[in-house]
Structures are given as structure tokens and as C-alpha cells.
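Engineer: Can you look at this prediction? I've put the sequence above it.
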Amino acid sequence: MPKILTIEDDELIAHDIVRTLTAGGFSVDLARTGREGMAKVMGGSYDVVTLDRMLPDLDGLTIVATMRGVGMETPVLVMSAMSDVDQRIKGLRAGGDDYLTKPFSPDEMFARVEVLLRRRPRGTKTETVLRKDSLELDLVRRRVTYRERELDLQPTEFRVLEFMMRHAGQVLTRTMIFEAVWGCRFDPGTNLIDVHVGRLRKKVDVPGERPMIRTIRGSGYLFG
């Protein structure tokens with residue numbers, strides 16, 4: 001069963017979208033704010049994302065751009081009351097796969113989701129477990145184990161570790177981590193990244209052994 005994430009703050013529109021997609025045989029998750037949507041996108045595995053262009057707390061195109069920035073190829077249907085050509089172009093250039101103007105017919109919305117599902121490469125499987133040596137992160141059960149011992153991670157620590165594991169071997173700047181995990185523009189004055197990475201190190205690195213998370217001076221962090 002295809003799994004769809006709908007990010008929509010308008011209660012009536014959200015209800016119509018969820019009802020239509022559910023009736024069509026899809027499993028649907030709903031996020032009512034941009035930040036909630038960003039967290040679900042980064043923490044879950046979806047076949048298609050439908051999102052509102054204008055959200056009260058986080059612009060929909062920021063979500064799309066962040067997804068593409070971290071390598072997520074999940075098809076995205078952008079929905080907006082802004083119908084002029086420039087806005088549609090912005091939506092597509094940000095990484096959206098299709099753009100639907102409000103108000104729209106539920107049948108048309110459903111058909112566009114079906115088209116996006118057909119565009120997926122055949123035979124691909126969604127990765128639900130990330131592994132590095134003896135470290136395992138289960139996206140479905142939301143648990144992390146190291147050498148068969150379960151680690152007690154806070155939700156944000158889990159998302160930081162997931163982002164790092166998805167990009168193992170790549171130098172990750174603080175800006176990249178912050179925008180992917182917190183879903184907003186990085187503030188150079190904050191120490192949130194250093195605090196969370198410090199906590200992760202205490203849980204995944206073993207004293208006397210080569211650390212999994214290394215600091216790259218002047219650049220950021222390297223996992224793996």
C-alpha cells in the first residue's frame with residue numbers, strides 16, 4: 001500500500017485530501033504545520049508528499065528544498081492558491097515534481113498523485129534500517145542499537161544521527177545539519193549542533209576506539 005504524507009494547515013482541505021487518498025487505497029499521514037511535516041519527512045519513509053505552498057510556520061518550498069538538499073528523491077506535489085506562472089516555476093525549481101493550484105478537484109489531485117507514484121523507478125525499495133558496523137538505526141521502530149544494546153536517544157538526537165548515517169563519509173556542515181533536522185535557517189550564534197553531537201558521541205563512540213563522529217576543523221562533522 002503506497003504511503004502518502006500530506007502537509008496542510010487548512011482543516012477542510014486536509015480532510016478532503018486525506019479522505020480522497022484513503023478511499024483510493026493509500027495510507028495517509030497528516031501534518032498540520034510545516035515543522036511537523038519536516039520532522040515526518042525526515043523521520044519516515046513515504047512514496048509521495050503533498051504539501052501546501054504557504055504554511056504558517058515554515059514555507060512549503062523550504063521543505064522541498066531541504067529534502068532535495070539531503071538527497072531525498074520522494075516525489076512532491078506542491079499545492080497553492082498562488083496560480084501565476086512565476087509561482088509555479090518557483091515551486092518546480094525548488095524541487096517540486098508537480099504543482100496544483102487551489103481550489104482543485106479531489107479527483108484531479110488523486111490522479112496527479114497516481115502519476116507521481118508511476119514515476120518511481122520500478123523495483124526500488126525504501127530503506128528502513130540504516131547500518132554502520134555494529135550501529136543500527138531502525139526508522140520504523142524508531143530505535144537505535146549498538147553491539148546489540150539499545151541506545152536511549154532523544155528524538156532530535158535520533159534525527160541528527162539518521163541524517164549523519166544517510167550521509168556517511170560526507171563532510172556535513174553545521175548549516176546542513178541544522179536545516180535538515182530543525183527545518184529552518186541556521187543561526188551561526190547557536191550551539192545546538194555542538195550540544196546534540198556531543199551527546200551523540202557519548203552514546204555511540206567507545207573510549208579508546210576510532211570515533212564514529214569526527215570533527216573536521218573549520219568545516220563540520222564526518223560520520224563513519
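Structural biologist: Done, it's in.
Engineer: how about low-confidence regions in this protein?
Structural biologist: Under the criterion pLDDT under 70, the flagged ranges of the chain are 83-84, 87, 120-127, 183-187.
Engineer: Which residue ranges make up each domain of it?
Structural biologist: Using automatic domain parsing, the domain ranges for the chain come out as 3-118, 129-223.
Engineer: Contact partners for P56?
Structural biologist: Shown here is P56, whose contacts under the criterion Cβ atoms under 8 Å, 6 or more residues apart in numbering are 9, 33-34. Yep, even glycine has a C-beta here, placed from its N, CA and C like the rest.
Engineer: let's see it at 10 Å
Structural biologist: Residues counted as contacts of P56 (Cβ atoms under 10 Å, 6 or more residues apart in numbering) are 9, 32-35.
Engineer: Compare the residues you listed and tell me which is most surrounded.
Structural biologist: Each of the contacts of P56 was scored for neighbours by other Cβ atoms under 10 Å, and G34 scores highest at 23 neighbours.
Engineer: Please tell me how far that one sits from G224.
Structural biologist: Here the distance between G34 and G224 works out to 31 Å (Cβ to Cβ, to the nearest Å).
Engineer: quick one on the thing from earlier: would you mind finding the most buried of the domains of the chain?
Structural biologist: Each of these was assessed for mean neighbour count using mean count of other Cβ atoms under 10 Å. The highest is domain 3-118, with a mean of 18.
Engineer: show me where the protein has strands.
Structural biologist: 3-7, 27-31, 48-52, 76-80, 98-101, 129-132, 135-138, 143-146, 149-151, 171-172, 213-216, 220-223 (DSSP state E).
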